[in-house]
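K.L.:
fold the following and give me the result.
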Amino acid sequence: MRGRLHLMFWGIIMLALLASFCSAQNGVKRVDKETLKGWLGRPDVMIIDVRAPQDWAGSDKKIAGAVRRDPDDVATWGKTLPQGNKIVTYCA
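P.N.:
Okay, the predicted model is just below:
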């Protein structure tokens, strides 16, 4: 279980949310585990869990402070994300 938790937590995947959040100049970037660890709890960083509803609901392995959003509805919730913040999405 512990190994699975580490894989999920440290297996953070950057996804493209919306073109408006990723300019052509900097694109979508992956975040390594040490960088993300340093960002936890920062008010300018939003962590979004985009796992399938049943995977998320059935798991006790979640990043503290992350919010769960449906990846199929990114066109809707993506518009509500705070401009200028770092947005990290992950699934496991």
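K.L.:
where along the chain do the strands fall?
P.N.:
All strands of the chain, identified by DSSP state E, fall at 45-49, 67-68, 86-90.
K.L.:
would CSV of the ones you listed with mean neighbour count, mean pLDDT and distance to Ala57 be doable?
P.N.:
Yep, even glycine has a C-beta here, placed from its N, CA and C like the rest. Putting those into CSV (neighbours: other Cβ atoms under 10 Å; pLDDT from 0 to 100; distance: least, Cβ to Cβ, whole Å) gives the following:
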stretch, mean neighbour count, mean pLDDT, distance to Ala57
strand 45-49, 19, 94, 11
strand 67-68, 12, 92, 9
strand 86-90, 19, 90, 16
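K.L.:
export the ones you listed to JSON lines and tack on distance to Thr76?
P.N.:
Listed next are the strands of the chain as JSON lines, based on distance: least, Cβ to Cβ, whole Å:
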{"stretch": "strand 45-49", "distance to Thr76": "13"}
{"stretch": "strand 67-68", "distance to Thr76": "14"}
{"stretch": "strand 86-90", "distance to Thr76": "15"}
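K.L.:
those: which one's closest to Val28?
P.N.:
Relative to Val28, the nearest member of these by Cβ to Cβ is strand 86-90, separated by 9.6 Å.
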